[in-house]
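*Asks:* This is a predicted model, with the sequence first.
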Amino acid sequence: MPEWIFWFQVVIAFVGYIGMVLFRKSFRLIIVLSTVFSLLLSPIYGVSVITGIEVFIIDISTLLAGFAIALLFYTRLNEKFY
């Protein structure tokens, strides 16, 4: 996979999280799309060998990202976005 796709994904996620911190409503969609985009690209990365600690960190990171997305859409925090 070309390296620019990885960096594009990183930049879009970073922009989305900055917008989330600033409570911009339109950036919630960017966060969801960057998460879906990264999940769809994960099989394309190919085979890699990682340690158990790395798997643990990746799993926790994915759970926290899902938790943050759920907070953005299904709690009172949703009302604070403009």
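*Replies:* Cool, the structure landed.

*Asks:* Can you list the residue ranges for helices in this protein?
*Replies:* Per DSSP state H, the chain carries helices over the ranges 3-21, 26-41, 52-74.

*Asks:* Let me know which of these is the nearest to Tyr82.
*Replies:* Of all the helices of the chain, helix 26-41 sits nearest to Tyr82, with 9.9 Å by CB to CB. Every C-beta, even on glycine, is put in place using the N, C-alpha and C of the backbone.

*Asks:* thinking again about what came up before, can you redo the helices of the chain as a markdown table with mean neighbour count, mean pLDDT and distance to Phe81?
*Replies:* Listed next are the helices of the chain as a markdown table, based on neighbours: other CB atoms under 10 Å; pLDDT from 0 to 100; distance: least, CB to CB, whole Å:
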| stretch | mean neighbour count | mean pLDDT | distance to Phe81 |
| --- | --- | --- | --- |
| helix 3-21 | 13 | 87 | 9 |
| helix 26-41 | 15 | 86 | 7 |
| helix 52-74 | 11 | 90 | 8 |
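
*Asks:* Among these, which comes closest to Lys80?
*Replies:* That would be, of the helices of the chain and by CB to CB, helix 52-74, which comes in at 9.9 Å.

*Asks:* Also compute the angle for that closest one relative to helix 26-41, please.
*Replies:* Inter-element angle recorded for helix 52-74 and helix 26-41: 140 degrees (by axes from the mean of the first three to the mean of the last three CA atoms, to 10 degrees).

*Asks:* For the spatially most central residue of the chain, which non-adjacent residue is spatially closest?
*Replies:* Nearest to the geometric centre of the chain sits Thr35, at 3.9 Å (CA atoms, centre = their mean). Excluding the flanking residues, the one nearest Thr35 by CB to CB, 6 or more residues apart in numbering is Ala65, at 6.0 Å.

*Asks:* Pretty sure the one you found sits against Ser34.
*Replies:* No: with contact defined as CB atoms under 8 Å, Ala65 does not reach Ser34; the gap is 9.5 Å.
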